Structure formats: structure tokens, C-alpha cells
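>>> Here's my sequence, what's the structure:
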Amino acid sequence: MTEAGGSSVPLGQPWWVRLRALLASGLVLGAGATTTLAAWTDQVFVEGQFAASTFVVEANPSQPYDGAGGSWAAYAEEAAVLQFEATEMTPGSTRYASLALRTATGSIAGEAVLNASGLDEPATLGDALRYRVIASQICEAAAFNGSADYLVGSTSEHVPLTTGQAEDDPFALAGATPDAPGQPTHLCFEVTLPVDATNDLQGQTASASWSIDAISETT
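Numbering: from 1, shown residues only. Predicted coordinates for the structure are as follows:
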């Protein structure tokens, strides 16, 4: 057995000698133990608050355009009726209709695309009609010139109602403020019954409906 100094205690020694060696060894070990000190503690808490933005688009089909007294609405469940006044069309007839779009008060900005029209069946007259759409508050023949911003069709091309705007070329919707709606974006529709329309279209009617897909900006 080993004493505190590292010497051996013969096994033949009395028991009290071995006990003294053990006690001495214990004292040496106790003197080298780690002492734990008390410390003050405290905690700090933080939190974050979040709110989602809103994106609501309103339409106004008044013609001529009436920004103050027009029928601005979201038109989510029923369609806004474009004011074509397109009864009694004859070959070569052209009709115009305005549509204004804006973001509602408190809404963020975005962009939108005019989709192809759906036609009621039977769609014989609807199939014959051709149209163009430009971004313009002025909605008359003179607006469809070479410098117009064409969303559907072009200066030289009238397309079927079942043709929509290119998805990769949307038009912008300005953001609103907490107290006022966004500045309107104006569209003008031009619909024509071609001069070569056949006699079997006489007396027929057609109903076309467009949808507009809008998406908010990423913030």
C-alpha cells in the first residue's frame, strides 16, 4: 500500500499504520479538489411581430371612363360588363369598350395578364369576331395607332376572341396607400365583325367573357 509521499507500507505492519497511510492519502486528494463559486444569473426575452400584406384588384367598366363616380368593385363573383354597345353589328362594324383596373386602398402593387375569352355556345358569331386590346385611357379608333401599347393583337392584326395576352408580358398595377387606392391602369377593347362575315351570321348573338389574372409583387 502507498502512503502520501509515495512510499510503500509493508503488509505486515499493524492495521493502525495502514489506516494512517490511507488518511494521509485522502488529505492529499482533498486538497486538490475544484471549488464551485456562486454567480448571478439573468434572462432577456425578445419577440417578433408579423403581418401579411393585402392584394385586391378593383375594376371599373364605365364608358366614358368615370374615375370618381364609376362602379369600382372587385367583381370576384360577378363579371364587370364592358360597355360595347355592340347590337346590330354588320360586316365591317367596330365597337369599343373601356376597362380600368386599380389596386384597392391598402393594397400592394402587382401585375396582371388578360386571358383569352370564353365563348358561349353556339359560338358562331363569337368565332367570327376579331379584337385588339391596348393600354390606353383614350378608347376610340384613333388610339389604335403605331405607337399604341398593344396587349392583344397589333397595328396590323386583329385576333380571335379566344386569343389572350402573352403571359411573359404582363401590364403593371400600381400600389395603393393606406388611405387611397392605386393609380388606375386603363385598357381599351376594340371588337370588329370582319367585312367578309357570311350571311348566316345574321341575327345571331354571342357572349364573350375574359378573366384577368393578377399577382402581387414580391416584397
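>>> what's the strand ranked longest in the chain packed up against?
In the chain, with assignment by DSSP state E, the single longest strand is strand 94-103. Strand 94-103 is packed against strand 57-60, strand 171-173, strand 185-192, with contacts defined by 3 or more CB pairs under 8 Å, 6 or more residues apart in numbering; DSSP states H and E. In this view, the C-beta of every residue, glycine as well, is placed from N, C-alpha and C.
>>> Mind listing residues that contact the first one?
Taking contacts as CB atoms under 8 Å, 6 or more residues apart in numbering, the residues outside strand 57-60 that touch it are 66-67, 70-75, 80, 99-104, 107, 110, 112, 173, 181, 184, 212, 214.
>>> Just the buried residues of these.
70, 72, 75, 80, 99-104, 107, 110, 112, 173, 181, 184, 212, 214 (16 or more other CB atoms under 10 Å).
>>> Spit out the contact partners of the nearest residue to R130 once chain neighbours are set aside.
Nearest residue to R130, sequence neighbours excluded (CB to CB, 6 or more residues apart in numbering): H158, at 3.6 Å. Shown in contact with H158 (CB under 8 Å, 6+ apart): R130, Y131, R132, E190, T192, P194.
>>> With G153 instead?
Contacts of G153 by CB under 8 Å, 6+ apart are Y131, R132, V133, V159, T163.
>>> how close does the residue nearest to V159 when sequence neighbours are not counted sit to G67?
Spatially, and ignoring its direct neighbours in sequence, V159 is nearest to G153 (4.9 Å; CB to CB, 6+ apart). From G153 across to G67, the span is 26 Å (CB to CB, to the nearest Å).
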